[in-house]
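Q: Build me a structure from this.
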Amino acid sequence: MNGLMEEVAATAVADRVADTCSLDNYLSQPDHTMDARIATARAALGTDVVLLGHHYQRDEVIRFADYTGDSYKLSKAAAETNAKYMLFCGVHFMAETADILAQPWQQVILPDLNAGCSMADMAEIGQVEDCWDSLERAGLTDEASGGLIPLTYMNSAASIKAFCGERGGLVCTSSNARGAFEWAFARAGKILFLPDQHLGRNTAFAMGIPREQMVVWDPYQINGGVSPDRLKAAKVILWKGHCSVHQRFLPEHVDRVRREEPGMQVIVHPECRWEVCQKADAVGSTERIIKCIEDAPEGSSFAVGTEIHLVNRLAKRFAPLGKRVITLDDAGCLCTTMYRISPQHLAWALENLVEGRVVNRIKVEDDVKQWSRVALDRMLEIS
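A: Numbers count the residues shown, from 1 in each chain. Below you'll find the model as predicted:
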């Protein structure tokens with residue numbers, strides 16, 4: 001009898017381990033059934049784990065987060081904790097940034113490896129290196145011609161951050177992009193900005209650089225699709241990349257708000273098109289958008305051009321304070337890759353940690369980490 005009981009117990013343990021290992025067993029369950037399991041696993045892990053939730057994450061996941069914010073803020077906060085494990089509910093480049101900033105004994109986990117960023121994917125390191133080689137052959141990187149400094153947005157792969165760091169450039173956020181441009185222009189006559197053309201164009205234009213002095217480098221065309229004369233005359237070379245969410249906001253959306261909602265303020269993210277930003281009342285990073293609404297008097301109303309989960313969250317938060325928040329686009333703009341992180345993925349990653357297994361670890365190679373850190377440290381200097 002004892003032998004039979006031991007066999008049954010061993011089978012139960014094996015089944016539980018197999019269940020924890022198999023993500024499919026989680027994905028077949030409804031969202032709400034994960035809540036208690038997530039809470040139990042969090043309690044078991046204690047301070048060994050810190051949960052990071054990006055602003056664009058779905059409510060069913062972000063409500064479990066220890067910290068919420070943008071990618072750099074979250075990575076920095078997690079690195080300052082004593083947690084052994086960072087579970088980043090965001091996308092791949094964010095988890096890479098967390099690993100770059102992490103302490104040597106900290107490990108970063110991305111609950112779903114399919115959670116990427118379409119913008120970051122638009123600048124592949126081989127393409128960027130080919131672009132730089134072309135610019136070198138054209139003599140545009142030489143100090144004699146004024147020099148060229150590469151800058152990359154935080155929303156880029158670690159390899160692109162390292163590329164910029166190794167060539168004298170840095171990383172920027174949407175909050176400090178102007179400071180990064182000023183820093184670069186104090187050292188060179190031209191900037192190569194990766195990977196978001198809209199943030200680059202909006203930043204340069206706000207500094208007084210005319211659009212005629214900006215060109216767009218298309219990695220799928222010979223010489224970027226830009227003539228040598230135009231490259232030589234340009235002050236800013238913009239990579240042909242964009243955010244799939246913010247790209248959807250159009251000038252006619254602003255026109256509709258002006259027509260149907262008199263007095264409503266339009267505030268948009270600088271990843272939006274130049275034409276949209278020009279029509280808006282204010283342009284700012286996610287943190288600035290939140291602060292603008294926070295600081296506004298009761299009775300204020302806003303049409304916000306950014307990801308729909310954040311807009312809906314702001315609408316709920318500020319409604320009791322007498323402030324109205326709506327999306328600039330009635331269709332709603334969902335970050336589909338961010339949405340991949342689900343309660344099921346979170347429960348799976350946490351319960352594996354309870355069992356002593358680290359799944360979906362994101363680890364940046366040492367040489368890439370070194371130069372990425374250089375680029376990030378330079379960003380801190382301008383901040």
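Q: where do the helices sit along the stretch 201-350 of the chain?
A: 228-233, 251-260, 274-279, 286-295, 308-318, 343-354 (DSSP state H, counting those that start in this stretch).
Q: Need the ones you listed in CSV (columns: mean pLDDT, distance to I149 and mean neighbour count).
A: Heads up, the C-betas are built off the backbone N, CA and C, glycines and all. As requested, those are exported to CSV (pLDDT from 0 to 100; distance: least, CB to CB, whole Å; neighbours: other CB atoms under 10 Å):
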stretch, mean pLDDT, distance to I149, mean neighbour count
helix 228-233, 94, 15, 13
helix 251-260, 96, 32, 16
helix 274-279, 98, 22, 19
helix 286-295, 95, 25, 17
helix 308-318, 93, 32, 18
helix 343-354, 95, 39, 24
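Q: Pipe those into a markdown table and attach distance to E129 per row.
A: As requested, the helices of the stretch 201-350 of the chain are exported to a markdown table (distance: least, CB to CB, whole Å):
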| stretch | distance to E129 |
| --- | --- |
| helix 228-233 | 17 |
| helix 251-260 | 36 |
| helix 274-279 | 28 |
| helix 286-295 | 31 |
| helix 308-318 | 34 |
| helix 343-354 | 33 |
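Q: Just give the number of residues close to the nearest residue to F249 once chain neighbours are set aside.
A: Leaving aside its sequence neighbours, F249 sits nearest to G305 (CB to CB, 6 or more residues apart in numbering; 4.5 Å). G305: 31 surrounding residues under other CB atoms under 10 Å.
Q: G305 contacts T286, doesn't it?
A: No: counting by CB atoms under 8 Å, G305 stays clear of T286, with 11.3 Å between them.
Q: So K73: helix, strand or coil?
A: Recorded secondary structure, K73: helix (DSSP: H, G, I helix; E, B strand; the rest coil).
Q: who's in contact with it?
A: Neighbour list for K73: 67, 287 [criterion: CB atoms under 8 Å, 6 or more residues apart in numbering].
Q: for the one 10 residues further on, same thing?
A: Contacts for A83 were tallied using CB under 8 Å, 6+ apart; they are 47-50, 106.
Q: tell me the secondary structure for the residue nearest the centre of the chain?
A: By CA atoms, centre = their mean, the chain has its centre lying nearest to N155, at 4.7 Å. Three-state call for N155 (three-state DSSP): coil.
Q: if we can go back for a sec, from the contacts of A83, which two are the most distant?
A: Farthest apart among those by CB to CB are T47 and Q106. That separation is 12.4 Å.
Q: neighbour-wise, which of the two wins?
A: Between T47 and Q106, counting by other CB under 10 Å, Q106 is the more crowded of the two (18 against 10).
Q: Show me where this protein dips below the pLDDT cut-off.
A: For the chain, the stretches with pLDDT under 70 are 1-21, 332-333, 383.
Q: mind giving me the domain ranges of it?
A: Annotated domains of the chain cover 2-114+338-364, 120-244, 246-327 [automatic domain parsing].
Q: okay, the ones you listed in a markdown table with distance to M379 next?
A: Listed next are these as a markdown table, based on distance: least, CB to CB, whole Å:
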| stretch | distance to M379 |
| --- | --- |
| domain 2-114+338-364 | 9 |
| domain 120-244 | 5 |
| domain 246-327 | 14 |
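Q: residues of stretch 352-366 that come out buried?
A: By 16 or more other CB atoms under 10 Å, the buried positions in stretch 352-366 come out as 352-354, 359-360, 362, 364.
Q: any idea how far the residue nearest to F249 is from A282?
A: Relative to A282, G305 is positioned 10 Å away (CB to CB, to the nearest Å).
Q: what do these two both touch?
A: In terms of CB under 8 Å, 6+ apart, G305 and A282 are both contacted by the residues 266-268.
Q: Filter the residues you listed down to the buried ones.
A: Among the shared contacts of G305 and A282, those buried by neighbour count (16+ other CB under 10 Å) are 266-268.
Q: From those residues, pick the one nearest A43.
A: Using CB to CB, I267 is the member of these that sits closest to A43, with 39.5 Å.
Q: Go ahead and name everything in contact with stretch 267-281.
A: Identification of contacts with stretch 267-281 by CB under 8 Å, 6+ apart yields 119, 174, 177, 196, 198-199, 201-203, 205, 211, 242-243, 245-247, 249-251, 253-255, 265-266, 282-286, 289, 292-293, 302-306, 328.
Q: Restricted to buried residues, select the residues you listed in ChimeraX.
A: Filtering these down to the buried ones (16+ other CB under 10 Å) takes a single ChimeraX command:
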select :119,174,177,196,198,199,201,202,203,205,242,243,245,246,247,249,250,251,253,254,265,266,283,284,285,286,289,292,293,302,303,304,305,306,328
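Q: Which of the contacts of stretch 267-281 fall in strands?
A: The strands, defined by DSSP state E, take in 265-266, 282-283, 302-305 from the contacts of stretch 267-281.
Q: Let's have those in a markdown table, adding distance to L110.
A: Putting these into a markdown table (distance: CB to CB, whole Å) gives the following:
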| residue | distance to L110 |
| --- | --- |
| Q265 | 36 |
| V266 | 34 |
| A282 | 33 |
| V283 | 30 |
| F302 | 32 |
| A303 | 33 |
| V304 | 27 |
| G305 | 27 |
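Q: Perfect, I'm done here.
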